[in-house]
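A.B. asks: mind looking at a prediction? Sequence and model below.
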Amino acid sequence: MRFRSATLVVLLMLSSAVAYGQGLDCPKGTTPNGERTPEASEAWCETPHKGTVVLHGPYRAWWPNGQLGTEGQYRYDKAVGLWKGWHPNGKLQGEESFADGRLVKGRYWDQNGKQIPRPPEQPNRSMQPSR
């Protein structure tokens, strides 16, 4: 009986994190979509534009533990406005402001909440996903 209860809880947690587009306020004319990889679960809105499908509207990604990892907005495949990222422990990792897909400014914190000049160099330093 205990195994079944634990299994049900895990299945419910996974299904809620992967319910693509659930809770996203997708703009009119867009379609919610998403995917799950071992590293993260993602949800976004997409729309046809100039002969291709592009991201348009809110974007969210969750860590494997279910914690929200990234939240931001796209406008026709370009990051816009304020994007926020969180460490797997739930503490704020950073805030980045984008204008027409370009990083304008950013503030970053380590896993303990101490502000740092910028995160360690990574292939895609920005919290914005590289779609």
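C.D. replies: Good, I have the coordinates. Residues are numbered from 1 along each chain as shown.
A.B. asks: okay, now Ala99: neighbour count?
C.D. replies: Counted with other CB atoms under 10 Å, the neighbours of Ala99 add up to 12. The way it works is simple: take the backbone N, C-alpha and C, and place the C-beta from them, glycine included.
A.B. asks: now it. Nearest residue, chain neighbours left out?
C.D. replies: Val80 (6.8 Å; CB to CB, 6 or more residues apart in numbering).
A.B. asks: and Gly29, which of the three is it?
C.D. replies: coil (DSSP: H, G, I helix; E, B strand; the rest coil).
A.B. asks: nearest spatial neighbour of it, skipping sequence neighbours?
C.D. replies: Once flanking residues are discounted, Gly29 sits nearest to Thr47: 5.7 Å by CB to CB, 6+ apart.
A.B. asks: for that neighbour, name its beta-bridge partners.
C.D. replies: Thr47 has these beta-bridge partners by DSSP bridges: Val54.
A.B. asks: so how far is Asn33 from it?
C.D. replies: 10 Å (CB to CB, to the nearest Å).
A.B. asks: pretty sure Cys26 is in a helix, no?
C.D. replies: No: with three-state DSSP as the criterion, Cys26 is assigned coil and is not in a helix.
A.B. asks: quick one: neighbours of it, just the number.
C.D. replies: Counted with other CB under 10 Å, Cys26 comes out at 18.
A.B. asks: for the residue nearest to Ala99, give its distance to Leu24.
C.D. replies: Counting by CB to CB, the gap from Val80 to Leu24 is 16 Å.
A.B. asks: more neighbours, these two?
C.D. replies: Taking neighbours as other CB under 10 Å, Val80 and Leu24 compare with Leu24 leading, 19 against 16.
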